[in-house]
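My questions are about this predicted structure, shown below with the sequence.
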Amino acid sequence: MSTDDDLAQKARPRRRIALPSEPTEDELAKHWSLTAADLAEISRCRRDDHRLRYALQLCVLRTYGRFLDDYRQAPLRIVNHLSRQLQLAPVLFLDHPDRAQTEREQALRIRNYLGLESFDEDAESRLLDWLRAGVLEGRCADELLARVEERLRSWQIVLPAPGTLDRIVASEVAHATAAPFDAIAVKLPANLRAAIDLLVEVPEGDARSSLFRLKDYPKTAAASAIKEGVVRLRLIDELLADGANLDEIDPKIVHQLGELGRRYDVGDLRRFAKPKRDALVACYLVEAHKTLLDQLVEMNDQFLTGMNRRARNAVKAEERVLRRRARAGMDRVLGAMDALTAAAGEQKVEAFRTQVNAASLVEAVAACRAFNRLEERGHLDAMLARYGALRQYLPAFVALPFQAAVGSEALITAISILRDLDAGAREMVKPDDPLGFVPAAWRPFLIEQGKVDRRIWEISLAFAIRDALRAGNLFLAKSREHVSFWNLVYDERRWRETRDNAYGRLDLPAEPRAFLDEDLARVSPLMRKHITPNGSYLQSPRQPLNAIMPRFA
């Protein structure tokens, strides 16, 4: 694969006009019917064969956006359908005209009749601008190639040959994506560029490169896979420790180059020039960091959801067994109570125990108590039984750089407490620590003898983190999907670019203090007129408040 035009080497579909060999009546009526205006225009041709070719090209151009390059491709069913409308005799085939000049003149007349423009230098320049914008939006060559004909037809431009469009799209995409390589490479720290060289090398005795292993994302939401994903994330963090310095590069370009870096194997990357290789791998690492964060959040969500589902299913299965035992046990206990009530006063305890079968009565009581416990805290016990699996990855997961939206600060505090517990900097959860996220059904069992059950607290915190990530109350600033809500609305980079222009268009001061001082200066004179000597506000009952306030445009 060439290092200069690798994007141009992608497989491209050949978009030749494929007329239906056996068109249906509906297709004939829709695409191959001539209007009165069409017939009037076609009648300007002097010969029957010219009129038939003119009608065919008119319908082809109107339907497919370009002229038919070979009349022999036209099915006879279509040709003779046009012949009947022109009141011409049926034909067995349709060939090219004797003079090329006649063909060119007819093509010009058809374009003018349909109000279309030819694909000239101006049209190509306009198309290049559109392609350039598409590349900056992160669209790949295949996507642009699929949409380019639709775009030209919307501009009322006759489509050129498919090969011409292939060449233009591939060339522009290759040129537009090649330019950022050097710009990105020079921004990369020396340590990162050296690390990239090691990533694309295959160690002796190994079949895979380090970069290949980084691309091997977890496939399941198992605890081991989540823990492995966090390890991979830390490795990328170490590679990007000095920063990739790509904040000034359009994120759409970084995303597109990151996708290319993901698709290329190390063999291709090693053949590229070093600036291109460094840029592709660096952009991939930046995008892979975001992707991994999103995947870890998703896998944690799936793991906890599955853990909860399995716990509830286990409770239901146990409930079916214990209910039968408890029902039988309840009958035996009630029978014992009836026997006790009917027993004579002089009857000895030994005889009574024998009468009611004390051993089976003990089993009955145990069955009733087990069922009662299942109803009270069966789900909690089932979750506690799975606490060990959760602990396999939770310490690593809560180490992610979570941030909280306003109102969710208690969760960040709880996450910090759990980190301290895992690090040994703290021994236990205290009753005055954040507990509000513990489900109401579990709270009666949370604190016993003044001590907080860490297992209940930790499981509750894990589910609270999951729910807060779903709602956007917790976010990861460097992820792609789980970022702050306001960053989704208007990210920091875009705000920096448009901030001054926005304040200028609104004719507002950029500094908050200046804005408040300006408003206060405009409001104060009016407010002083309506303040009594004792400081109370005086307002006429007939004069609404908005009548004395200044009107802001």
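Received it, and whenever you're ready, just let me know what you need.

Quick check: the residue positioned nearest the centre of the chain vs residue 319, distance?
Most central in the chain under CA atoms, centre = their mean is residue 481, positioned 5.9 Å from the mean C-alpha point. Noted for residue 481: a distance of 38 Å to residue 319, by CB to CB, to the nearest Å. Backbone N, C-alpha and C define where each C-beta goes, glycine included.

Run a quick check on the residue nearest to the centre of the chain versus residue 296, I expect a contact.
No. Taking contacts as CB atoms under 8 Å, residue 481 lies outside contact range of residue 296: 11.4 Å.

hey, where'd the helices end up in the stretch 51-200 of the chain?
Counting by DSSP state H, counting those that start in this stretch, the stretch 51-200 of the chain has these helices, from start to end: 76-85, 100-114, 121-136, 141-154, 162-185, 190-199.

Next, the angle helix 190-199 makes with the helix of greatest length in the chain.
What stands out as the longest helix in the chain, according to DSSP state H, is helix 274-342. Helix 274-342 runs at 80 degrees relative to helix 190-199, counting by axes from the mean of the first three to the mean of the last three CA atoms, to 10 degrees.

What lies in contact with stretch 465-482?
For stretch 465-482, the external contacting residues (CB atoms under 8 Å, 6 or more residues apart in numbering) are 289-291, 293-294, 297, 300-301, 304-305, 398, 400-405, 407-408, 411-412, 415, 483-485, 487.

Drop anything exposed from these.
Neighbour-count burial (16 or more other CB atoms under 10 Å) applied to the contacts of stretch 465-482 gives 289-291, 293-294, 297, 300-301, 304, 398, 400, 402, 404-405, 408, 411, 415, 483-484.

Quick check: which of the helices of the stretch 51-200 of the chain is nearest to residue 279?
helix 162-185 (4.0 Å; CB to CB).

can you give me the mean pLDDT across that closest one?
For helix 162-185, mean pLDDT is 80.

And it, how far out from the chain middle?
26 Å (CA atoms, centre = their mean, to the nearest Å).

what do you get for stretch 121-133?
Its chain's C-alpha centre and that of stretch 121-133 lie 30 Å apart, by CA atoms, centre = their mean.

Would you quantify the distance from residue 76 to residue 62?
If you go by CB to CB, the gap between residue 76 and residue 62 works out to 20 Å.

Could you do residue 261 as well?
Residue 261 is 44 Å from residue 62, by CB to CB.

swap in residue 361?
From residue 361 to residue 62 the distance is 93 Å (CB to CB).

residue ranges of the strands in the chain, please?
With DSSP state E, the ranges of strands along the chain come out as 402-404, 447-448, 451-452, 474-476.

For residue 428, find the nearest of the ones you listed.
With CB to CB as the criterion, residue 428 lies closest to strand 451-452 of these, at 6.9 Å.

Could you report the pLDDT at the closest residue to residue 202 other than its chain neighbours?
Closest residue to residue 202 apart from its sequence neighbours, by CB to CB, 6 or more residues apart in numbering: residue 209 at 4.9 Å. If you check residue 209, the pLDDT there is 84.

Repeat that for residue 507.
For residue 507, the model assigns a pLDDT of 76.

The one 5 residues further on too?
The per-residue pLDDT reported for residue 512 equals 79.

sorry, back to before: quick check, the residue nearest to residue 202 in contact with residue 200.
Yes. Judged on CB under 8 Å, residue 209 makes contact with residue 200 at a distance of 5.9 Å.

what residues are shared contacts of these two?
In contact with both residue 209 and residue 200: residue 266, using CB under 8 Å, 6+ apart.

how close does residue 417 sit to residue 461?
For residue 417 relative to residue 461 (CB to CB), the value is 9 Å.

still on that earlier bit, quick one: the longest helix of the chain to helix 162-185, angle?
Angle of helix 274-342 versus helix 162-185, following the same axes, to 10 degrees, is 80 degrees.

What mean pLDDT does helix 274-342 get?
Helix 274-342 comes out with an average pLDDT of 84.

starting at the chain centroid, how far to that helix?
Centroid separation for helix 274-342 versus its chain: 26 Å, with CA atoms, centre = their mean.

repeat for stretch 80-91
55 Å.

Could you tell me the end-to-end distance of it?
Distance across stretch 80-91, first residue to last, is 7 Å (CA to CA, to the nearest Å).

hmm, back to that, so which of the strands of the chain is the most packed in?
strand 474-476 (a mean of 23; mean count of other CB atoms under 10 Å).

Please name the strands paired to that strand in the sheet, noting orientation.
Here strand 474-476 has these sheet partners by DSSP bridges: strand 402-404 (antiparallel).

Not counting the partner strand itself, show me its contacts.
411, 412, 415, 465, 468, 473, 474, 475, 476, 477, 484.

Looking at those, which gets the smallest pLDDT?
For those, the weakest pLDDT value sits at residue 484, with 75.

Nearest spatial neighbour of that residue, chain-adjacent residues omitted?
Per CB to CB, 6+ apart, closest to residue 484 is residue 475, 4.9 Å.

Who are the contact partners of the residue nearest to residue 202?
Neighbouring residues of residue 209 by CB under 8 Å, 6+ apart: 199, 200, 201, 202, 203, 266.
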